[in-house]
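J.: With the input below, show me the fold.
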Amino acid sequence: MSEKKLRFNSKVIHGGQSPDKAYGAVMPPIYQTSTYAQTSPGEHMGFEYSRSANPTRSALENSLASIENGKYGLAFASGLAAMDAVIKLLEPGDEVISTNDLYGGSYRLFRQIFEKYGIKFHFTGMQEVGNIAALINPKTKLIWVETPTNPMMNVIDLKAVSELAKLNKLLMAVDNTFATPYLQQPLDLGADIVMHSATKYLGGHSDVVVGALVVKDEVLAEKLYFIQNASGAVCGPMDSFLVLRGIKTLHVRMERHCENGMHIAKFLKEHPKIEKVYWPGFEDHPNHDIAARQMNAFGGMISFIPKGSNFKEAVSIVEKLKVFTLAESLGGVESLAGHPASMTHASIPKNEREKSGVVDSLIRLSVGIEDVQDLISDLEQAIG
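T.: Model prediction:
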């Protein structure tokens, strides 16, 4: 069957892949090499130096392109390295419009690294597309989107934003880390670039740090490949192998993440000591109808605020958890809990955090694939 006809659950296993040409290995071998023999200067078997390309990384990049319905995949040393490459498409004086509720490391990269090189960033609530339109000016070159957002789970209408971007001849990039291509495929909704911290759900086992970009346009791909090679922030062959292996079980893991996430979200919403739960699957969640339209399910990421809690009490809850692990990151098979104000979003000034809802009492959960009753019991004992 043609790969174009494969459904997603088959693409994660077969998409962009073929048996190794040397010995027919079903899984791409780990080509742990920095360089490759040449028969004459410039004459080689497709690879010359592993910063430029490596067979294991190429296999991962082909898989990434396949599962996001793109044509070109690029793998980097981290999600932030992938973002770094996107911003390097711009020049001093250019402007970027970004969601105001985004991963703290993204905010830090924008504000503390690239602003000093003359690139200006505007942050706004993208749940209303009109907020984006109001900021567009002749210097605007890129719209940077997260949806669902980290950690407030805000939902942004990708089709509407892409139409606005195309009308104004702007690039649109989407951080698809929370949703994964299992739930949402931004390129099909009009985005130009999809970014992943493949460290998270794509890898899925909390054992690797990798970033990814996927595009459809050949010219844009060539620009990004040049930046990838020239800047050198590539992932190694072992990391490529681990993420490729993780992708092969993405569909079955995401089913359980979503199922467990739904049960945890409902449990928290009904708990008498919980004030607010942020999860796109609730009908009263802002832009729930958009989430239902552009996502296949609602994911395993949840944030919540205990009633009457403050910084100290929120920290106390996450410290009491036994099955959930208090740790940075998300998307692994194990459930993780975090305190955004002091962990993932600590690099954002307090007043800016709180404008987007990231208050000191907010707790973020990455719901894993354990038995959901064990997870609920753990939350019960920690909340008290």
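J.: Could you use CA atoms for every contact and neighbour count after this?
T.: Fine.
J.: Check which residues of stretch 119-132 are buried.
T.: Buried residues in stretch 119-132, defined by neighbour count with 16 or more other CA atoms under 10 Å: Ile119, Lys120, Phe121, His122, Phe123, Thr124, Gly125, Met126, Gln127, Val129, Ile132.
J.: ok but the fifth one is inside a strand, no?
T.: Yes: counting by DSSP: H, G, I helix; E, B strand; the rest coil, Phe123 is found in a strand.
J.: Name the residues linked to it by a beta bridge.
T.: For Phe123, the residues forming beta bridges with it (DSSP bridges) are Ser98.
J.: what about it, distance to Lys21?
T.: When CA to CA, to the nearest Å is the yardstick, Phe123 and Lys21 sit 48 Å from each other.
J.: what bits of this protein have low per-residue confidence?
T.: Across the chain, the ranges flagged by pLDDT under 70 are 1-2.
J.: can you give me the helices for it?
T.: Using DSSP state H, the helices of the chain run over 8-14, 55-67, 79-87, 104-108, 129-133, 158-167, 180-183, 218-231, 237-247, 250-270, 288-294, 311-320, 350-355, 372-383.
J.: These: which one's closest to Val145?
T.: Minimum separation from Val145 across those (CA to CA) falls at helix 158-167, 8.4 Å.
J.: Would you mind pulling up the elements that the closest one packs against?
T.: If contacts are counted by 3 or more CA pairs under 8 Å, 6 or more residues apart in numbering; DSSP states H and E, helix 158-167 sits against helix 129-133, strand 171-175.
J.: Could you export the ones you listed as a markdown table, including distance to Leu321?
T.: Shown next, in a markdown table, are the helices and strands packed on helix 158-167 (distance: least, CA to CA, whole Å):
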| stretch | distance to Leu321 |
| --- | --- |
| helix 129-133 | 39 |
| strand 171-175 | 29 |
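J.: Out of these, which is closest to Val372?
T.: For the helices and strands packed on helix 158-167, proximity to Val372 was assessed by CA to CA; strand 171-175 is nearest, at 27.8 Å.
J.: Tell me which residues are up against the closest one.
T.: Counting by CA atoms under 8 Å, 6 or more residues apart in numbering, strand 171-175 makes contact with 141-147, 162, 165, 186, 191-196, all of which sit outside it.
J.: Now stretch 70-88: buried residues?
T.: Along stretch 70-88, the positions that meet the burial threshold by neighbour count (16+ other CA under 10 Å) are 70-87.
J.: Now that stretch - C-alpha only, PDB.
T.: Output of stretch 70-88 as PDB, limited to C-alpha atoms (Å, rounded to 0.1, in the frame of the first residue of the first chain):
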ATOM      1  CA  GLY A  70       4.800  17.100   5.800                       C
ATOM      2  CA  LYS A  71       7.500  16.600   3.200                       C
ATOM      3  CA  TYR A  72      10.700  17.600   5.100                       C
ATOM      4  CA  GLY A  73      11.700  16.800   8.700                       C
ATOM      5  CA  LEU A  74      14.600  18.200  10.700                       C
ATOM      6  CA  ALA A  75      15.900  16.800  14.000                       C
ATOM      7  CA  PHE A  76      17.700  19.000  16.500                       C
ATOM      8  CA  ALA A  77      19.500  18.600  19.900                       C
ATOM      9  CA  SER A  78      16.400  20.000  21.700                       C
ATOM     10  CA  GLY A  79      13.100  21.700  21.200                       C
ATOM     11  CA  LEU A  80      14.700  25.000  21.900                       C
ATOM     12  CA  ALA A  81      17.400  24.300  19.300                       C
ATOM     13  CA  ALA A  82      14.600  23.800  16.800                       C
ATOM     14  CA  MET A  83      13.000  27.000  17.800                       C
ATOM     15  CA  ASP A  84      16.300  28.800  17.600                       C
ATOM     16  CA  ALA A  85      16.600  27.700  13.900                       C
ATOM     17  CA  VAL A  86      13.100  29.100  13.100                       C
ATOM     18  CA  ILE A  87      13.900  32.500  14.600                       C
ATOM     19  CA  LYS A  88      17.200  32.600  12.700                       C
END
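J.: mind checking which of the helices and strands packed on helix 158-167 is nearest Glu91?
T.: Ranking the helices and strands packed on helix 158-167 by their distance to Glu91 (criterion: CA to CA) puts strand 171-175 first, at 13.6 Å.
J.: Give the PyMOL command for selecting the buried subset of the contacts of strand 171-175.
T.: When burial is assessed using 16+ other CA under 10 Å, the buried subset of the contacts of strand 171-175 is captured in PyMOL by this command:
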select buried, resi 141+142+143+144+145+146+147+162+165+186+191+192+193+194+195+196
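J.: Show only the entries of the contacts of strand 171-175 found in strands.
T.: Members of those lying in strands (criterion: DSSP state E): Lys141, Leu142, Ile143, Trp144, Val145, Glu146, Ile193, Val194, Met195, His196.
J.: export these to JSON lines and tack on distance to Ile97?
T.: As requested, those are arranged in JSON lines below (distance: CA to CA, whole Å):
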{"residue": "Lys141", "distance to Ile97": "8"}
{"residue": "Leu142", "distance to Ile97": "6"}
{"residue": "Ile143", "distance to Ile97": "5"}
{"residue": "Trp144", "distance to Ile97": "6"}
{"residue": "Val145", "distance to Ile97": "9"}
{"residue": "Glu146", "distance to Ile97": "12"}
{"residue": "Ile193", "distance to Ile97": "15"}
{"residue": "Val194", "distance to Ile97": "16"}
{"residue": "Met195", "distance to Ile97": "16"}
{"residue": "His196", "distance to Ile97": "19"}
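J.: Would you tell me which one of these comes nearest to Gly384?
T.: Proximity of those to Gly384 was ranked by CA to CA; the top entry is Glu146 with 33.3 Å.
J.: The closest one and Lys355, how far apart?
T.: In this structure, Glu146 lies at 17 Å from Lys355, with CA to CA as the measure.
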